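Asker: Give me the fold of what follows.
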Amino acid sequence: MWIYEKKLEYPVKIKNPNAKLAKAIITQLGGPDGELGASLRYLNQRYSMPYDEVIGILTDIGIED
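Answerer: Okay, the predicted model is just below:
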């Protein structure tokens, strides 16, 4: 068994919260044009590629993004 402790690796103290900046950061990471969306598109495209070399390249790019 294990115990899950929800805590950050480095303690963070937010002095002045900024909702607009937080929204922009979250959009870049998980929005439709963000890093996660791009990575998933690369990984999904690899299944329709007929060439093994291209499959490997798309996998590498998707993992790195």
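
Asker: show me the contacts for the most centrally placed residue in the chain.
Answerer: By Cα atoms, centre = their mean, the chain has its centre lying nearest to L36, at 3.4 Å. Contacts for L36 (Cβ atoms under 8 Å, 6 or more residues apart in numbering) come out as L29, G30. Bear in mind the C-beta positions are built from the backbone N, C-alpha and C, glycine included.

Asker: One more: Y4?
Answerer: Y4 touches nothing, counting by Cβ under 8 Å, 6+ apart.

Asker: Would you mind measuring from it to P11?
Answerer: 18 Å (Cβ to Cβ, to the nearest Å).

Asker: Kindly report the same for I61.
Answerer: Separation of I61 from P11 (Cβ to Cβ): 35 Å.

Asker: if you count what's nearby, which of those two comes out ahead?
Answerer: The neighbour comparison of I61 against P11 (other Cβ atoms under 10 Å) goes to I61, with 16 against 6.

Asker: In this model Y42 seems to touch that one, though I could be wrong.
Answerer: Yes: counting by Cβ atoms under 8 Å, I61 does reach Y42; the two are 4.9 Å apart.

Asker: Name all residues that make contact with V54.
Answerer: Applying Cβ under 8 Å, 6+ apart, the residues contacting V54 are R46.

Asker: That one: which element?
Answerer: If you go by DSSP states H and E, V54 is part of helix 52-64.
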